Each structure stands twice: as structure tokens, then as C-alpha cells.
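Asks: Structure for this input, please:
(chains A and B)
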Amino acid sequence: MRFVPAGTERIFVSGRGNLSDIAELRRQAMAEVDRAADLASLEGVRQRWLGPKGVLTLELRTIGSRPPEERKAFGEAANRLKGEVAERLEARLSALRAAALDLRLAAEREDLTLPPRRVRLGRLHPLTQTIREVSRIFATMGFETVEGPEVEWDHYNFELLNIPQGHPARDKFNTLWISNPLGGDPDRPVLLRTHTSPMQARVMEARKPPIRVIVPGRVYRFEATDAYHESVFFQFEGLAVDDRITMADLKGVLYSFARQMFGGERKIRFRPDYFPFTEPSAEIAIDCFVCGGTGGECRTCGGSGWLEMGGCGMVHPNVLRGVGYDPSKTQGFAFGCGVERIAMLRSGTPDIRLFQQNDLRYLEGF
Amino acid sequence: MLIKVPLSWLKEYVDVTVSTAELAALLHMSGTEVDKIERPGDAWDRVWVGRIAALDRHPNADRLQLATVEYGRGRVKTVVTGATNLVVGAVVPYAETGSRLRDGHGDGAAFMTLEPRKVRGVMSEGMVCSAKELGLGDDHDGILLLDPALPVGAPLAEALGDPVLHLELQPNRPDCLGVVGVAREVAALLRTTLREPALAPVTYGTLPSTALDVRIEDPGCVRFTAAVLENVRLGPSPEWMQRRLAAAGMRPIDAIVDVTNYVMLEFGQPLHAYDARKLRGNALVARRATAGERLRTLDDVDRTLAATDLVIADAERPLGLAGVIGGEDSEISPATRTVALECASFEPRGIGRTATAHLATDVSAAARRFMWPLSADLPALGLARAVQLLTEHAGATLKGATDVYPAPRPRPSVSLPAADFKRVLGMDVSAAEARAALERLQFAVRSDGATLTVMPPAVRTDIAIPEDVVEEVARLVGYDRLPTTIPAGELPLHERHPLPELRERARDLLVGFGLTEIVAPSLIDPAWLEMLGVEGGIEALPPLRVENPTSVDRSAARTTLRASLLDAARRNLRQRAGVALFECAPVYLPRAKDLPEERQTLALVLAGQAEPARDGELWLARPRPYDLHDVRGVLDALAAGLGLQPKPGTEVPAPGLHPSRSRSVERGGVRVITFGQIDPRVAERWELPEATFLAEIDLAGMLEEVTPRVATAPSRYPAAYRDAAFVVEEQVGYGDLEREIRASQKSGLESVALLDVYRGPQAGQGKKSFAVRLVFRSDDGTLADADLEKAMRRIEGRLAHALGAVVR
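Replies: Numbering: from 1, shown residues only, chains lettered A, B, ... in the order given. Below you'll find the model as predicted:
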């Protein structure tokens, strides 16, 4: 019999130990494993019981010196105990590791209210966003987006649109005229297009019906700039021509556009209007979504309950004739709307000048 | 054109059975745009219809009177007044103490609040008012005398607050320039009848040419009617006429001028009155001016006429610019007893040219109307109406009248199949319904059920084709009835547009890289272009100029986006430490005798501090300004994102940029890309930091570099790494090194990464060392050490040979 030092407790090991001694060893071993408070002491416990000189290792070596009739039972019991202790050690190890990790993670606490590492965020200009949205919506109705020149011949901006020289409607367009430093052609005046409509003529000249196009782009007017007026601004033109397109189709297409752009409950209103290049002509308005069409003191619609969006109509036979189409076989509609108007309504932008002032404090709102 | 139609005037020709608001809505929704309804009475508070019950002398002042005013329900007040036109029993506007009125002594814009006050010792409570104090006109000489039939004690706004419709007319409807034309619309809308104004019976051809010789010598005058009126009394026009003129926005002057203006406002047809005794040779001739002829016009301007100007002349000299402005010589004066009236039709185009040339933007009311296609039927109506009014109100007697109309215009008539309504509108309108609508508008309609033949009223000049008739019917039926359908026809071919597609992808990429898009005005101050270079401009071509710019800062079509970006950067850098901006827009490059080339361009600027991304937020960021590698990084990522493979071009200098920190490449005569640091001298001029970096890309040039993407499956075998350092002469670029490394390997070299650039004693004087990491990988198997050794020796050999590089 000998005593092996083991922490505070002494373990009794009997070279002639019987099965009741095994039970005592189990109690002691398990208690020690459970008592180990950290990974280092747990490793100590492992060495003392299962290490090369461990208690159980030594105990198993005594099998040979036992009476033959005891050997089997004792060996089985001692081996089982060894397995049980190893298992208990593993479980304790996991628990201690988990507890240690918990401690570490708790210590790694971060202040999540600190400003993050900033990513510099770029913005697409609100007019670009609006034009894309317009093009996307009309694409759902089969319209292709095309672009055209901003510096234009009088011929396309006026003549082919049934606005000949001296036509009183020319006064409405407040045209900016261009002088060419390399020399112009005195018979062909050049201007900054006053609307996107010249593309009606250009597209029809270049293509054959059926045609469905949408033309966004810059336009220009001789106009004093204020909160609602710019001398350089954006429009989009729509044109659909085939052999049977009607004004009801025009209203339907614009109705669909209004609902897709401003919400499914929007109403659309056509009011007779005059444009030399369409007949019949209409002004397009949608019901004011700020006051719900009730008007009153609403500042968005000026109390009318309606928001004017642009002009439209059936392409004038003279325009069709001007591009070589036969008005008895072709007909269609055209419309034009202001991009800024839509962008202002959608974003609540109070002043049209903000779009081209490019103050990042404004642009970062988009 | 904005016209003002007093409701009471309108009611003379048509019964209005709906409220003013409803009437306005009906007009608006049928195409006569109602800009607003002005209610002059709205501003009147505590102003009543009063009656002068007694007039007494002021005890302390000879020029003042005490007026006792009763204003209903037994209310009586005493007012001190200096007016001389009051009599007992007169019905006048009376404003109580506390009411707000316009200050009659000022410009009429200022208001005052009435308080009881003593005037020369007598208490005056309230006031009897002049027209000016009520905002009804300019007259402040006397108290406004009201119709004695008005109910005493009624609020003045009810008795006199006549609403005025402000109508914004379009040039296709000159017929609505007159109140009668608007009344015709109203009659059609309310399904009632139009009462045309009374016309004097005028018999033409009753004027011997010795009395008045009227001739048309130029087709610019289409029709010329004239009348001679004798015994004309020149005094003020009747009060009701003055009130209407004032309400419609015209200043009353005298009976003759007022009548011509009144008829113009009634029918839209301008007239002109001459003192007949001042006409030399008793002639009124419509002819072209001879170049250099002189004319002093009613606005006291001596004008030199051009051969294109149409004038009305007598036998010797021009009397006025036809339809535009009269002359001083033949002006009506207090001594005028015999008046020659001109009521004519002119070609609108010539009027427009002359009016613009002589009056610029201050075009007369007559010329503005004549610039629209007025009906040639109107002169006869206008003349007869003016004769009627001058006879009634100026004691005139008609001596005779003449009508010169060399080529009478036929009344237009339009035939259209009834099916046209469905064809154009996409909704059913029966022939009967169409006919009813047109007849309400005074069209003459013949219909056999299948075809309609319509003749518009003589004053309408806008009906020429079936579509015009369709619109008339549609606007009366109501556009609200139009259904909403979707085009049923064949879907058109949808073409691809590579350049805009590339541009939009570039926009998205740049936004992803943290740049913000700007949209700047495409018209700029030409001085900006001169500020871009170290000395003067950087562009080869001068810009297109706007002939009539709104201001100098919007007077040139930009030939580069650079100025706009620098301006935006400068302004934003007043608010923050760093900016990253881009713009995608065309630049306008002039071509002789042609439209300019509009080249789609992308430009970007990085300026100021790159870090921190948010000003002052230094806790994670190390502050650093933008540098050349930032702008190169953006361009590299952009090229990668768009799938560009650089194509060869010619290196050219980049004016305005730092000469050793910039690059510009030209291909086919076009600068396809320019980037670099701004020249510090230019930066200073634009108030920008030296850390300002630019790039400009021609999108068409970029499109040429787009290469189709070919996807490859990644190799399944492991990579092998080799680090190596090569010492080269200072002038050798890293690009040369990498190019040669890659050129030495047919396959197997996956990537080359620059680890470090070292200059110092170990590299040697005038030399530098590039340390690179080479990654090798094969698609066919794991690379053996022997393969790598062979590859490295090939690289070393090629670098030594091509660049004189030595392995360190």
C-alpha cells in the first residue's frame, strides 16, 4: 500500500484493491475533474489519473498480480473507469473552453454607437434617376429610348413641326439662336432646341412605322431663371406612329405612365390645348397627390387639384407629310413633359435651380 | 396672349346661368385657359353703396363740404370731402371707418386703413371714394358716381365687384381676342344663344374718292375698310365704357380712342382713327415704305422705315406703321371734328416683322392681335360697330364708307367621314352628336350620316382639316369622355444603343466608386474656357455662341466639361474638405456650315481630402489628400468594369494639367482620354487645392475599346508564388517591367503584383528596385519546381535584355 500525493486529498491505492475500491476511485477522480477550475489544473488532473504515471494507469498494471479469478472483473471495472474519467475530462475541457471564450468575447465588447468606417457613397443625379425611371416605364409599353442633337436646325425645331417662319406660335418658344464661330449657313438658321419635339421629325425620317420612341434630353429657352423656370432644362418626348393609333391610346399610355410614376391611384386629365404640331391637342394633368385633388390652399397644385405635366396630341397631318409619310395611311400621337417637373414633384424639391447648382448637400439627398 | 374679360361685359352677349367658378371651369376644360378669376371687390371691406342725403358747406373751409351719407338700415354718417362732383341724391361708394382702401394719392398700390379724424375742426367718419381708391381705375379727380339704380346699403362688392376672367389665349384662336368670341364659346358651352352687338348699317361704296381715297398697293394689306365720320364731339366716353376698358386693362382716354379700343376688345379687331383733315390728298394708302422714309410715331419716337415695313400713308407721307403704331401727324386732337376710321386686315407675318423691328418687346396691343391670323371678315364688323358707338356716344354722323378687298377669301369648308371621330379619337361619336356640338359653335353643318361637311363661323380661322373638326367636337363633348386604351398595333423593332448603354454603365460604376454625379448647365461663360489653361484656353475650337443669351454666364455652348466640374468642385469645397464628382454630357464642337458635333463625354474630378470620407471624422481614418493614384484607380476600375481593352493611340500633351503628372491620348484626331493633376497655376485661378485631379474620357473612343467578355473556368490546380526584385534605371517604368514579364510567358503566369518600389544605397545611384510577386498556375497540372525555375530564368533573361534589369 502506498499513498500518492494528490492536491489536498490523498488517494488510497490498494495493490490488492477490490471492486469496492474501484468505486471509491471513481468518486475521487470525478470529484477532482469537476473541481478543476481552469485548463491548467484540468491538465494536472488528467496527468494524475490517466498520465503515464497516473493512478489508474498504475492500478491497471496490478492486474497481473491479482488472483486469476479476480483479474477479469477487476480489469473490466478499471478499464471502464479509465474510459469514464477520460470522458468526464473531455466534457470538463469543453465546458472550461466555452467559459473561457465567453469571458474573452465579453471582454471584446465594442461600442456599436461609434461612427463606422465610412464608405464614400456616390449619388446619381436626380435628373438622371428620373430620366431612367421614365425610360424604364415607357419601355414596359414598347417604347425605345433614343437621343438627338441639342443644337438643331430651325428646319427640325420649327419648320417640320408645322411652325413656319412668322408663325405666331414661334413667340411662345423664346428661342436661343446660335452663331457658329466657324461660319454658318445663312439659309439654315441654327438654334438650341426649344423642345425635344424635333426628334419626332428626325425619328420619322430615319424609320418606318411602327414607331414607338421616348426621347429624353436637354432643351433651351430664353427665360429668366427663377424657382420654377430655367433657361436650360430637360424634357422627354414620346412618339408613337402606326396605322391606327388613337387619342385614346395616347391617354391610356400616359395614364399608365402617371400611375407607374406617381402611384396606382393617380387620375389623369386631358384638357384641350394648342400645339401647331398636334391636332387634336391636349394638356396632360394628374390629380395632385399632395392634397389628393381637393385643391384649397394646396401649394403644390396652386389650389386647382391638378398638376400639369405637359402637352400632347395626335401628330398633325402636316408633320407626317413633312417627313414623307402619307397621313391617310399613318397616324400617331406625340407628347412632351418636363423632367424637372417630375423630379420636383417626386422629391419635393422646392426650387428648379437646385438641379444644376450641384450643391452636394442637396445631391446627397438622393 | 392674356386677355381680361369682365363678366358683366360678357353677360351683354350671353346669359350666364352658372356660377363664375363653374363658367371658368367650363371654359378651361374646353380649351380656353382660365389663368385666374380676378374679383376686384374681394379687397373691399366695409365699403357700401351710399347715397348723398345732404351737402353742407364746411364751416371753416371754403373748398370742403360736409356730405351726409346714408347707407341703409338707417345708418348715416358725415364725411368731409373736397370733391366737387357731388350732388344731393348721388349714389356713391362709401367706405366706413376701419375699412382698407388704396391710397388715392399714391401709385394706387399702397393701402390705408380709414380712421375717424377731424378735418378743420369737423369730425369726418369714413370716406366717399374715387375709382382709384377702389382699384377700379386711375381716376382720382372726383368721387365715383354709381348707377342710381344700385341698392343703397348693399356691400359695394355685391353691387359692383365685377369678376374679371383672365384668359390665356393661344394663337389659333384669334376670334377669342374679343369678348364676343369668348361669349360664342360660352353660348356653346351653356347651350344658349349669342346676342351679337348692335352694328350701324354701313353701306360701302358710299364714299367718293374725293372724300377719302382708300387704296391697297401691297398684298401685305388684305382688306381695308374705312369710314368718314363728321361732327365728332371729342369728350370722355361714357362711364360704363370707361369702366369696362379699365377692367379689361386699358386706360380710358377720349371718346374716339376709347371706342376704337372698345371695339378691339369686343371683336379682337384693332382700328385706327385719323383726323381726316390732316390727310393730304384725302388718301389712305396701304403700301410698303421706301427705305429711309421717316415717321414720328405716337410714342414720340422718330423712326426710319425699312422697305419691308408696311405703312398706311396719305398722298404724300406715311401716317403710321400699318397695324403696329400710328403717327403723330394725323393724330386725333381736341380740334378734330372729322374722323377717318381705318379697319383693316394684314398679313400677320409682316406685322410681326415690323413690330419686332421697331418696338422690340414692347409690342402694341394692336400689333399683338394683328400678329395672329385674324379673320378677314372682321374689319367690316369692327367698322360697323365703331360707327354705331361713335354715333351713339360722340355725336358722329357717318359720311360714307369704303371697303377695299381685292382678293376676298373664301370661307373654308371641311368634309370628313363620320368615322374620322372614331379613327382619331378612339371613341364613338355619332354624326348626330358631332353635328349638334358643331352647331352650338355656330358651324354650318351638312351631313348625310356618313360624311359631314362643315363651315366654321366667319371669325374662326383655325379650321382647315378634318382633325380640326374632330378637335372641336371632342372638346365640346369633353376630353373626359376619351377612354384609356393601349396601342394595339405591331410592336416596333427595339434597337440597341451601345453608346448610351456604355454611358449608363459608366455612371453606375462611378457612383459605386463613391463619385457623385452632377448635371451642370451646358451653356457657360466663355471666360471660363480661357481660365482652363496656363495661358488662355485648352481647346482647339472656339465655342458656339448664343446670339441672344439670357446672360453672359450662359452664352457659350461648352466645348469641355472641365470648367463646369472645376466650378462645382470649387463651390462645394467651401462646404467640405474633399469632393469626388463626375458628369456625363455632350460637348459641342463647332463645324463649319453644319450643326456641331455633340460628343458624349465623361469627366470627373477628385479634389481636396480623400480621407476622412466625412469631414473631421478622424477616429478611424488617417487624413490624406487625393493623389494621382486615386484618379488612376478610378479609371482602372472603370475600364475593368466596362470590359475595356486599351487600344493604341498617340501620346499628346495635356494642357492645363501638371506636365509630369498627366497623360493624354489621341486616336483618330480625337482626344480619347486625358487625366492627371491640375496645373497648380490653373488650380489657383479656380481657387482649388493643388490636390485636384481630373479625367476626361470621350465615350465614343471608349466604346471602341469595349471587348466582348469571354468567361473562363478557373484552374483546379494550386498556384505557386515567387517573389523577386529587379533593379532598373530610374527612367524605366513599372509598366515596362510588367509588360516584359508577361511577354516572357506564353502561359502559366497568373498575375504580377508590385510589392514595393525601393530607391536607396542597395539599388544604387539613379536606380530603383521593383519587388514583385509572381503567381504561376497551370490549367493542366500542379507546377513543379523545375517549371518555376525555368520560368524565372526566362523572366530574368528577358528583363536583363530588354530593360537592363538586374536581379537583386
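Asks: Which pLDDT value belongs to the residue nearest to B:Ile518 when sequence neighbours are not counted?
Replies: Leaving aside its chain neighbours, B:Ile518 sits nearest to A:Asn358 (4.0 Å; criterion: C-beta to C-beta, 6 or more residues apart in numbering or on different chains). Quick note: C-beta positions are derived from backbone N, CA and C, even for glycine. On pLDDT, A:Asn358 comes in at 97.
Asks: Do stretch B:182-197 and chain A come into contact?
Replies: No - using C-beta under 8 Å from any C-beta of the partner chain, stretch B:182-197 never reaches chain A; the gap is at least 11.1 Å.
Asks: Please identify the buried residues of that stretch?
Replies: By 16 or more other C-beta atoms under 10 Å in any protein chain shown, the buried positions in stretch B:182-197 come out as B:Val182, B:Ala183, B:Arg184, B:Glu185, B:Val186, B:Ala187, B:Ala188, B:Leu189, B:Leu190, B:Leu194, B:Pro197.
Asks: what does stretch B:716-723 give?
Replies: So stretch B:716-723, judged by 16+ other C-beta under 10 Å, has buried residues B:Ala720.
Asks: first to last residue in that stretch, what's the distance?
Replies: End-to-end span of stretch B:716-723 (C-alpha to C-alpha, to the nearest Å): 23 Å.
Asks: what pLDDT, on average, does that stretch get?
Replies: Regarding stretch B:716-723, the rounded mean pLDDT is 95.
Asks: Any regions of the chain where pLDDT drops low?
Replies: In the absence of a named chain, chain A is used. Applying pLDDT under 70 to chain A flags residues A:1-20.
Asks: let's do chain B instead
Replies: Scanning chain B for pLDDT under 70 picks out the ranges B:104, B:106-109.
Asks: Next, name the residue at the spatial heart of it.
Replies: B:Thr550 (11.8 Å; C-alpha atoms, centre = their mean).
Asks: Not counting its neighbours along the chain, what's nearest it?
Replies: Nearest residue to B:Thr550, sequence neighbours excluded (C-beta to C-beta, 6+ apart): A:Ser231, at 5.0 Å.
Asks: Repeat that for B:Ala307.
Replies: Nearest-residue entry for B:Ala307: B:Ala291, 4.3 Å, with adjacent residues in sequence omitted and distances by C-beta to C-beta, 6+ apart.
Asks: quick one: A:Ala73 and A:Gln28, what's the gap?
Replies: 20 Å (C-beta to C-beta, to the nearest Å).
Asks: Looking at the two, which one has more neighbours?
Replies: Per other C-beta atoms under 10 Å in any protein chain shown, whichever of A:Ala73 and A:Gln28 has more neighbours is A:Gln28, with 17 against 13.
Asks: Quick check: the more buried one is in a helix.
Replies: Yes - counting by DSSP: H, G, I helix; E, B strand; the rest coil, A:Gln28 is part of a helix.
Asks: Residues of the stretch 251-366 of chain A that sit close to chain B?
Replies: A:251-253, A:255-256, A:268-274, A:276, A:279-282, A:314, A:316-317, A:331, A:355-356, A:358-361, A:363-364.
Asks: Buried by neighbour count, from the residues you listed: which ones?
Replies: Among those, the ones that count as buried by 16+ other C-beta under 10 Å are A:251-253, A:255-256, A:268-274, A:276, A:279-282, A:314, A:316-317, A:331, A:355-356, A:358, A:360, A:363.
Asks: Mark which of those residues are part of strands, please.
Replies: Members of these lying in strands (criterion: DSSP state E): A:Ile268, A:Arg269, A:Phe270, A:Arg271, A:Pro272, A:Glu279, A:Pro280, A:Ser281, A:Ala282, A:Met314, A:Gln331.
Asks: which of the residues you listed lies closest to B:Arg233?
Replies: Among these, A:Pro272 lies closest to B:Arg233 (C-beta to C-beta), at 45.5 Å.
Asks: residues contacting the closest one?
Replies: A:Pro280, A:Ser281, A:Ala282, A:Glu283, B:Met29, B:Ser30, B:Gly31, B:Glu471, B:Ala474, B:Arg475, B:Tyr479 (C-beta atoms under 8 Å, 6 or more residues apart in numbering or on different chains).
Asks: ok, the buried residues of stretch B:182-197 vs chain A, which is closest?
Replies: Nearest to chain A among the buried residues of stretch B:182-197: B:Glu185, at 11.1 Å, using C-beta to the nearest C-beta.
Asks: Okay, now the sheet partners of the helix or strand harbouring B:Ala226, with direction.
Replies: Taking DSSP states H and E as the definition, one finds B:Ala226 inside strand B:221-230. Looking at strand B:221-230 with DSSP bridges, its partner strands are strand B:339-346 (antiparallel), strand B:397-404 (antiparallel).
Asks: Report the buried residues of the last one.
Replies: Of the residues in strand B:397-404, those buried under the neighbour-count criterion (16+ other C-beta under 10 Å) are B:Leu398, B:Lys399, B:Gly400, B:Ala401, B:Thr402, B:Asp403, B:Val404.
Asks: Show me which of these is closest to chain A.
Replies: Taking the buried residues of strand B:397-404 together and measuring to chain A by C-beta to the nearest C-beta, the closest member is B:Val404, at 23.7 Å.
Asks: In space, what's closest to that closest one - neighbours in sequence excluded?
Replies: Closest to B:Val404 by C-beta to C-beta, 6+ apart is B:Phe224, at 4.5 Å.
Asks: What segments of the stretch 501-650 of chain B are helices?
Replies: B:526-530, B:562-572, B:628-642 (DSSP state H, counting those that start in this stretch).
Asks: quick one: the strands in the stretch 51-200 of chain A?
Replies: For the stretch 51-200 of chain A, the strands defined by DSSP state E, counting those that start in this stretch cover A:144-145, A:151-153, A:176-179, A:190-192.
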